[in-house]
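Visitor: missing the sequence, but the structure's below:
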């Protein structure tokens, strides 16, 4: 039954705390050598899931298989899995070399072998000769590498990472993202990475699972999640999005016409069967919306609106503008084109904007 | 110019304020610790040659060496104190671990209060409590007979083990508090990480928990050892005539025999003993006194 190239299979696993379902009948499979992320807001159960895989928690039902072998009843120190902790949990009472060699020593490896393996591993993570250093002599990025080296030296089937970049400042986090991806490609170990930061998940992963309230909303490549979200939660959580709620005025199978509570009518691609009169929400990405000083410049499939500039959000390449639709006051976030064409845009100015209905997506609101 | 002048004016005033702030501590140190010890040192180094005439001499220290009873008591007190400290550590460590790492919320604070409650009663009353429990006609021997374990009531007082029980009981809190402080600062993730990397309970205790808690262990041990070594009441009441505690010798010299010179010499020997053993303990475990006191 176990497919040979799956390193991790989670099979209908549940974990309850009282009546709260932290992990709710969840299944997933991770291919050998891939970088898999679990993305979700805090409290969605992703840490519980990670601890179930690591063995710090036992599932109430279901099974976790690692490398095709069931982990039921196998303690964390016997699983072919290692974990990089949120605050890294390096041992401050030991040197860098002792930290990296700890797992090997616990396995009863001979001292010369440990020394050799530790030296090789430190070289591979870019810290050659750091064995004698104390942990508090390292920078944030170096600690990160030691934590990863400490786990990878044991050659685990699976490396679990629990938001290890969370404690770093922005600049270092961007840098470590790239480094982490390179390390994973270099070692070829399967990484399971949990984070609440969608940019980390999108940049690093081969596959991402978006998690909410103990369940996966959608599992797919970063591109799939971004361009073809399957649920309103994914559309709202992954990337920035304009969200419009209302009822369906017209539906023709592929497209719907949504009328918002403020009276704005927009067309969007429908996701799943939607009939007229349904309560729906539509999502439009800021970069899908095009701007024009003259409405005639916007080409045919585009539906046009007129907006007044509410505020300018300058952020280099990620600059955007907040528009208020003139007639209904609906707010839109629109990305500014890189060409610098609208660099002279001022607050209060009126502009035309519009988007292709094919690139906006509409979901039926599920009542809970 | 004016700035310098005002600074000059301010300087003596600041110095005076500083002096006044330090005054209570200085008076306490000088008046209650340094001066009496200088006097004791002087006392211990003189011998009475005729009524009201004294001479400088090492006689008091020589008596200690020549008289086997004295140095036997001395060595015995030291050994028993070390054993008592070790027993206290062995009991306090799991207790502190449970309070800090396992108990949650209300249970946690309640357990700490439970440790503290016995100290609301004076040491004498607490020790008398033990006597009520352990004496031949007391509660425990009575139960042992009732349960058929012993045929006749046995005398549980006046044994070395009884003294140890009393000493450990008296010292427990002073070990639990620094240990709990030290364990509190130990991040649970370190234990999980070690476990994840293949460690077992014993290796984690040895390589992660004990090195982290070392300053707390040292601080607690120093306090408990000093309290035990200088304890008078517990060994006397629970050990009776057999207790042979060195503080009893000091008491006897000062009070019973009016031999202040000999008593002062004994006092100094006890001070040297505790200093030597604390220093040795720190040296063996590779710690510095300042670190221990700061981190405990």
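Guide: Looks like it arrived, so ask away. Quick caveat, the model's predicted, so the values are computed rather than measured.
Visitor: What average pLDDT does stretch B:214-225 get?
Guide: Stretch B:214-225 shows a mean pLDDT of 92.
Visitor: Determine if any part of it is in contact with chain A.
Guide: No - counting by CB under 8 Å from any CB of the partner chain, chain A is not contacted by stretch B:214-225; separation bottoms out at 8.5 Å. Glycine gets a C-beta too; all of them are placed from N, C-alpha and C.
Visitor: Tell me the buried residues in stretch A:331-346?
Guide: A:332-336, A:342 (16 or more other CB atoms under 10 Å in any protein chain shown).
Visitor: Of the residues you listed, which are in range of chain B?
Guide: Okay, of the buried residues of stretch A:331-346, nothing touches chain B (CB under 8 Å from any CB).
Visitor: Of those residues, which belong to helices?
Guide: In this view, the buried residues of stretch A:331-346 have no member that belongs to helices under DSSP state H.
Visitor: quick check, nearest of the residues you listed to residue B:209?
Guide: residue A:333 (51.7 Å; CB to CB).
Visitor: residue contacts, the closest one?
Guide: By CB atoms under 8 Å, 6 or more residues apart in numbering or on different chains, the contact set of residue A:333 is A:240, A:242, A:286, A:313, A:320-323.
Visitor: Can you spell out which residues form a bridge with it?
Guide: residue A:322 (DSSP bridges).
Visitor: picking that back up, may I see the contacts of residue A:333 arranged in CSV, with pLDDT, distance to residue A:296 and neighbour count as well?
Guide: Output for those, formatted as CSV (pLDDT from 0 to 100; distance: CB to CB, whole Å; neighbours: other CB atoms under 10 Å in any protein chain shown):
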residue, pLDDT, distance to residue A:296, neighbour count
A:240, 85, 28, 13
A:242, 91, 24, 20
A:286, 92, 23, 20
A:313, 91, 27, 15
A:320, 91, 24, 19
A:321, 92, 20, 25
A:322, 93, 24, 17
A:323, 93, 19, 25
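Visitor: For chain B, state which of those is nearest.
Guide: residue A:240 (33.3 Å; CB to the nearest CB).
Visitor: what's the nearest residue to that closest one if we skip its chain neighbours?
Guide: Ranked by CB to CB, 6 or more residues apart in numbering or on different chains and with sequence neighbours excluded, the top spatial neighbour of residue A:240 is residue A:286, at 5.5 Å.
Visitor: Longest helix in the chain, by number of residues?
Guide: Picked chain A for this. Assigned via DSSP H, chain A shows its longest helix as helix A:170-187.
Visitor: you looked at the wrong chain, it should be chain B
Guide: Max-length helix for chain B by DSSP H is helix B:68-97.
Visitor: and of the buried residues of stretch A:331-346, the nearest to chain B?
Guide: Closest to chain B, out of all of the buried residues of stretch A:331-346 and judged by CB to the nearest CB, is residue A:333, at 38.6 Å.
Visitor: returning to what we had before: format the buried residues of stretch A:331-346 as CSV; extra columns: distance to residue A:143 and pLDDT.
Guide: Compiled in CSV, the buried residues of stretch A:331-346 are given as follows (distance: CB to CB, whole Å; pLDDT from 0 to 100):
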residue, distance to residue A:143, pLDDT
A:332, 43, 92
A:333, 37, 93
A:334, 41, 92
A:335, 36, 91
A:336, 38, 89
A:342, 43, 85
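Visitor: Out of the residues you listed, the closest to residue B:218 would be?
Guide: Within those, the smallest distance to residue B:218 is 59.9 Å, found for residue A:333 (CB to CB).
Visitor: do you know how far that closest one is from residue B:195?
Guide: The spacing between residue A:333 and residue B:195, counted by CB to CB, to the nearest Å, is 46 Å.
Visitor: and residue B:286, how many neighbours does it have?
Guide: Residues lying near residue B:286 (other CB atoms under 10 Å in any protein chain shown) number 7.
Visitor: what residues does the longest helix of chain A touch?
Guide: Contacts for helix A:170-187 (CB under 8 Å, 6+ apart): A:35, A:124-125, A:140-141, A:144-145, A:148, A:152, A:161, A:165, A:168, A:191, A:199-200, A:203-204.
Visitor: Show me how the record splits chain A into domains.
Guide: In terms of domains, chain A is parsed into A:6-235, A:240-364 (source: automatic domain parsing).
Visitor: can you put these in TSV and add distance to residue B:17?
Guide: Shown next, in TSV, are the domains of chain A (distance: least, CB to CB, whole Å):
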stretch	distance to residue B:17
domain A:6-235	38
domain A:240-364	54
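Visitor: Can you tell me which of these is most buried?
Guide: domain A:6-235 (a mean of 19; mean count of other CB atoms under 10 Å in any protein chain shown).
Visitor: Out of the domains of chain A, which gets the lowest mean score?
Guide: Among those, domain A:240-364 scores lowest, at a mean of 88.
Visitor: just the residues of the stretch 151-296 of chain B that are near chain A, which are they?
Guide: Residues of the stretch 151-296 of chain B lying near chain A (CB under 8 Å from any CB): B:187, B:189-190, B:192-200, B:203, B:207-208, B:211-212.
Visitor: possible to save the contacts of residue A:333 as TSV with distance to residue A:183?
Guide: Below are the contacts of residue A:333 laid out as TSV (distance: CB to CB, whole Å):
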residue	distance to residue A:183
A:240	29
A:242	37
A:286	33
A:313	34
A:320	33
A:321	38
A:322	39
A:323	42
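Visitor: Sketch out the helices for the stretch 101-250 of chain A, chain order is fine.
Guide: A:111-124, A:140-152, A:170-187, A:198-204, A:222-227, A:232-237 (DSSP state H, counting those that start in this stretch).
Visitor: Which of those helices sits closest to residue B:106?
Guide: helix A:140-152 (35.8 Å).
Visitor: Please name every helix or strand in contact with that closest one.
Guide: Applying 3 or more CB pairs under 8 Å, 6 or more residues apart in numbering or on different chains; DSSP states H and E, we find helix A:140-152 packed against strand A:81-84, helix A:96-106, helix A:111-124, strand A:158-162, helix A:170-187.
Visitor: re earlier: going by neighbour count, list what's buried in the longest helix of chain B.
Guide: B:70, B:73-74, B:77-78, B:80-85, B:87-89, B:91-93, B:95-97.
Visitor: Quick one: list the elements packing against it.
Guide: helix B:59-66, helix B:160-184, helix B:210-229, helix B:246-251, helix B:260-285.
Visitor: what angle do the third one and helix B:160-184 make?
Guide: When you say that, I think you mean helix B:210-229. 140 degrees (axes from the mean of the first three to the mean of the last three CA atoms, to 10 degrees).
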